[in-house]
Structures are given as structure tokens and as C-alpha cells.
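Enquirer: give me a model of this one.
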Amino acid sequence: MSVKKTQLVLIISALGLFVLLFIAPKIAPKHSDDDGHDHAPKANLTSSDANLEVYLNMALKSLEPSKKTQHDKLLTAEQLDSVVVFWDRSKRPDLAAHYTEQLAKKQNNAAAWLKAGNRYYYAIQFTQDKTAIPVLYQSASRCFSKGLELEPNNTDAKIMLASCYVEGSEDPMEGIKRLKEIEKTDSSNIKLQLTFAFFSVKSGQLDKAITRFNTVTRIDSNYIEAYLHLADAYEQQGNTPKTIEMLQKYSAKTNDITARLEINKYIDQLKSKN
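Expert: Numbering: from 1, shown residues only. Below is the predicted model:
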């Protein structure tokens with residue numbers, strides 16, 4: 001099992017899929033600085049009218065009659081939580097995000113808007129129709145912005161909004177500027193450091209990524225998943241001794257017996273090749 005595969009399995013097991021996807025950038029680009037922005041279609045994040053109605057109508061037309069009836073009954077009864085689950089089960093996280101936003105409109109609190117923004121951001125990873133990507137970034141940005149209107153000091157919302165600028169806007173450096181502004185007053189924020197680290201990985205700047213992941217371990221020595229990211233970065237550099245060292249640190253700290261066995265097995269494989 002490769003470090004990348006081991007890393008993904010273990011992080012999903014330890015943190016849940018959403019955590020990984022909300023933090024990690026979506027498309028692997030090549031660029032300078034801590035940005036990692038790509039050449040995918042860009043969105044004008046200052047526009048607030050983007051929506052998924054076209055994609056929703058297309059999806060509804062393709063539903064089996066019984067599924068369509070089920071969906072319509074849930075919607076008529078205003079059971080929006082159940083509609084979200086319906087689209088999740090239908091493997092349409094983009095449409096689940098759409099109805100999560102409808103819930104946020106009803107609840108109108110910062111947590112609900114942040115959840116909706118995260119759902120849109122998460123959906124980008126899985127959307128098959130690339131024409132929807134700018135809409136998803138705009139929608140995510142709209143939700144994070146609304147959350148910040150209600151809770152201006154919400155750092156998570158600030159980080160995620162900045163990430164939308166970096167990855168999906170016509171002005172990615174605006175996102176980097178926003179992230180660095182956050183760093184001035186909250187440099188010990190793990191999510192911020194991870195965001196910088198992942199952007200560096202995606203842009204091929206592994207030395208910068210390693211610095212950021214090491215910062216995470218200094219901030220919180222119990223955030224052991226950072227050692228897996230460090231192992232992955234060192235392996236990409238071809239530095240087997242450091243890869244082994246990071247995996248050993250993870251193995252020594254984890255309470256997950258299965259994870260420890262898999263990691264130790266991979267360490268043995270690396271040692272046998274070295």
C-alpha cells in the first residue's frame with residue numbers, strides 16, 4: 001500500500017471524509033507562491049445570483065418516477081433535511097448542498113451558512129459536469145459571506161472564503177492576501193496552516209508544504225495526521241529516511257491498532273527497498 005493510499009484511508013478513518021475534503025484543494029495545479037491555484041473555469045465571486053436550478057431540473061427529469069414522487073413529497077412537506085439526504089444517497093452532493101443552503105435561509109445563523117458553504121465546496125470534488133464548478137464556487141462563497149455577515153470574526157468562514165478565491169475566482173491572489181491577513185493575528189490556527197500546506201503540495205512546492213505541516217505538529221503535537229502528510233511529502237521528494245521517520249512518529253502516537261499495523265507494514269517495505 002502506498003503512503004498516499006494509506007494516508008487517505010487513515011485520515012478518512014480518523015477524521016471523516018468531510019474534514020479532508022473541506023480543507024484540501026480540489027485540483028492539482030502548478031504555480032508559484034503558497035497559492036496552488038489552477039486553470040479550471042473561474043467564477044466571479046462578487047456575483048451572488050449563481051444557483052443550481054438548471055442542474056436540479058435536469059436531475060429531476062432523469063429520476064425514476066417513484067424517486068421523483070418521493071422527492072416531491074419531501075419537498076412539499078418542507079422536510080429539507082430529508083431532501084438533503086435524498087440527494088446524498090443519489091450521489092449528487094451538489095444538489096444536497098443546494099438544499100442545505102435552503103435550510104440555512106430558514107435557520108439564518110452563522111453555523112448553518114458555514115455548513116452550506118462547506119457542502120458546496122465539498123461537492124466540487126465530485127461534480128462530473130465541469131460547467132457547474134464556477135457555480136459551486138460562487139454558491140460556496142455566497143454562503144461563507146452570509147455567515148460572516150452574522151459572525152464577522154468566524155475564522156473558519158474567512159479561511160474557506162479565501163480558499164474559494166484562490167481556487168475558483170478570477171483573482172486568486174485576493175485569496176492568498178486574505179489568508180495571510182488571518183495569519184497575522186491567528187498564526188496558530190491549524191486549519192489555516194493546513195490550507196497553506198495543501199496549496200503548496202498542489203503547486204508542487206513540497207519544501208513549503210513540509211514547513212507548514214511541521215508548524216501544525218508544533219502547534220498541536222496530538223494532530224498526528226500531519227505526520228502522514230509529512231511522510232507523503234518526503235516520499236514525493238524521494239527522501240526515504242524522513243518518510244520512515246514521519247511514519248514511525250505517527251505509529252508511535254496513534255491509538256488505532258489497525259492503522260499502526262498498516263503503517264508498520266509499509267515502514268518494513270520501505271526499509272527493505274532502502
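
Enquirer: so which bits of stretch 209-217 are buried?
Expert: Buried residues in stretch 209-217, counted by 16 or more other C-beta atoms under 10 Å: 209, 210, 212, 213, 214, 215, 216, 217. C-beta here means a position set from N, CA and C on the backbone, and glycine is covered the same way.

Enquirer: secondary structure added to these, as JSON lines?
Expert: Shown next, in JSON lines, are those (DSSP: H, G, I helix; E, B strand; the rest coil):
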{"residue": "209", "secondary structure": "helix"}
{"residue": "210", "secondary structure": "helix"}
{"residue": "212", "secondary structure": "helix"}
{"residue": "213", "secondary structure": "helix"}
{"residue": "214", "secondary structure": "helix"}
{"residue": "215", "secondary structure": "helix"}
{"residue": "216", "secondary structure": "helix"}
{"residue": "217", "secondary structure": "helix"}
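
Enquirer: for those residues, which one is nearest residue 96?
Expert: Taking C-beta to C-beta as the measure, residue 96 lies nearest residue 216 of the buried residues of stretch 209-217, at 30.0 Å.

Enquirer: surely that closest one and residue 194 touch.
Expert: Yes: if you go by C-beta atoms under 8 Å, residue 216 and residue 194 touch, sitting 6.3 Å apart.

Enquirer: list residues touching both of these two?
Expert: Residues touching both residue 216 and residue 194 by C-beta atoms under 8 Å, 6 or more residues apart in numbering: residue 226.

Enquirer: could I get the buried residues of stretch 209-217 as JSON lines with pLDDT and distance to residue 166?
Expert: Formatted as JSON lines, the buried residues of stretch 209-217 follow (pLDDT from 0 to 100; distance: C-beta to C-beta, whole Å):
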{"residue": "209", "pLDDT": "96", "distance to residue 166": "15"}
{"residue": "210", "pLDDT": "98", "distance to residue 166": "20"}
{"residue": "212", "pLDDT": "97", "distance to residue 166": "15"}
{"residue": "213", "pLDDT": "97", "distance to residue 166": "18"}
{"residue": "214", "pLDDT": "97", "distance to residue 166": "22"}
{"residue": "215", "pLDDT": "97", "distance to residue 166": "19"}
{"residue": "216", "pLDDT": "97", "distance to residue 166": "19"}
{"residue": "217", "pLDDT": "96", "distance to residue 166": "24"}
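
Enquirer: ok, which pair from these is furthest apart?
Expert: 209 and 217 (13.0 Å).

Enquirer: show the pLDDT at the residue lying closest to residue 114 once chain neighbours are set aside.
Expert: Excluding the flanking residues, the one nearest residue 114 by C-beta to C-beta, 6 or more residues apart in numbering is residue 147, at 4.7 Å. For residue 147, the model assigns a pLDDT of 97.
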